[in-house]
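Engineer: only geometry, no sequence info:
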């Protein structure tokens, strides 16, 4: 049981390049999330999804797009990377219902130069 | 919008002493409050959680208390050990509309041997 898997784990991008982070979960969870983590800023929600085919904006959505074409996958896209998007990105998932915990992937370290 | 404040941002204690981390949430509809421990370079891992219908929960050296009226919840670690050194995050799961987890900014705990 792999849980939540993110790819790639490390990436260096040049300003203006595009890329997609892939998140896959094998727990049949309805909810999936993308967070970014910056020093002293905690975990900030970028986008989330409550089910296949649905997405919603979180706290810091600008510069990112997401898609959830399949229940088990949640993709995070950067159309035109900026140095301010240098961060660690965590995908997470949880099941529906009150009090169900959120499980994190191992993180993706992204540097934009 | 929803917000979770966490204090202190750093905490140093002597081995064997207790550590307390406090969080305040803004959304009165929040009903689930997990705590995560994150070691350097690793993903956040759930250590304890509490639901809104419970005032206190304990698991060995770790306890969490919740004051719904004041919208406060706290993490208590007793008999601290060097391996407790990590960053700790509190979170509140909101139920306004859809389920979202909002995280505090983290507390870096250092246990001095």
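Structural biologist: On my side now, so go ahead. Please read all numbers here as calculations on a predicted model, not as lab measurements.

Engineer: Backbone torsions only: list them for residue B:82.
Structural biologist: With angles defined as degrees, to the nearest 10, residue B:82 sits at phi -50, psi -30.

Engineer: Can you show me the strands along chain B?
Structural biologist: Along chain B, counting by DSSP state E, strands occupy B:4-7, B:10-14, B:19-25, B:32-38, B:45-51, B:56-59, B:62-67, B:72-77, B:86-94, B:100-103, B:107-112.

Engineer: Could you tell me the least trusted of those?
Structural biologist: Comparing mean pLDDT across the strands of chain B, the weakest is strand B:100-103, with a mean of 88.

Engineer: quick one: which of the strands of chain B is nearest residue A:66?
Structural biologist: When the strands of chain B are compared by CB to CB, strand B:100-103 sits nearest residue A:66, at 14.3 Å. (C-beta placed from N, C-alpha, C; glycine too.)

Engineer: so where's chain A uncertain?
Structural biologist: Applying pLDDT under 70 to chain A flags the ranges A:1, A:97-99.

Engineer: Enumerate the residues of it near chain B.
Structural biologist: A:31, A:33, A:35, A:40-45, A:48, A:50, A:56, A:58-59, A:90, A:92, A:94, A:96, A:98-102, A:104-107 (CB under 8 Å from any CB of the partner chain).

Engineer: Identify the residues contacting the residue most central in space within chain A.
Structural biologist: Closest residue to the average C-alpha location of chain A: residue A:34 at 2.8 Å, with CA atoms, centre = their mean. Counting by CB atoms under 8 Å, 6 or more residues apart in numbering or on different chains, residue A:34 touches A:21, A:23, A:45-48, A:58, A:64, A:66, A:74, A:76, A:89-92.

Engineer: For the nearest residue to residue B:18 once chain neighbours are set aside, report the pLDDT, please.
Structural biologist: Spatial nearest neighbour of residue B:18, chain neighbours left out: residue B:78 (5.0 Å); criterion: CB to CB, 6 or more residues apart in numbering or on different chains. pLDDT, residue B:78: 97.

Engineer: next one: residue B:2
Structural biologist: We have a pLDDT of 78 for residue B:2.

Engineer: Look up how far chain A lies from it.
Structural biologist: With distances taken as CB to the nearest CB, to the nearest Å, residue B:2 is found 9 Å from chain A.

Engineer: How about the residues of chain B by chain A?
Structural biologist: Proximity of chain B to chain A, by CB under 8 Å from any CB, involves residues B:1, B:6, B:9, B:31-32, B:34, B:42-46, B:49, B:51, B:89, B:91, B:93, B:95, B:98-106.

Engineer: Geometric centre of chain B: which residue is closest?
Structural biologist: Central residue of chain B (CA atoms, centre = their mean): residue B:90, 3.5 Å from the mean position.

Engineer: ok, the residue nearest to that one when sequence neighbours are not counted - contacts?
Structural biologist: Leaving aside its sequence neighbours, residue B:90 sits nearest to residue B:23 (CB to CB, 6+ apart; 3.8 Å). Each residue near residue B:23 by CB under 8 Å, 6+ apart is listed here: B:4, B:5, B:6, B:7, B:33, B:72, B:73, B:74, B:75, B:90, B:92, B:104.
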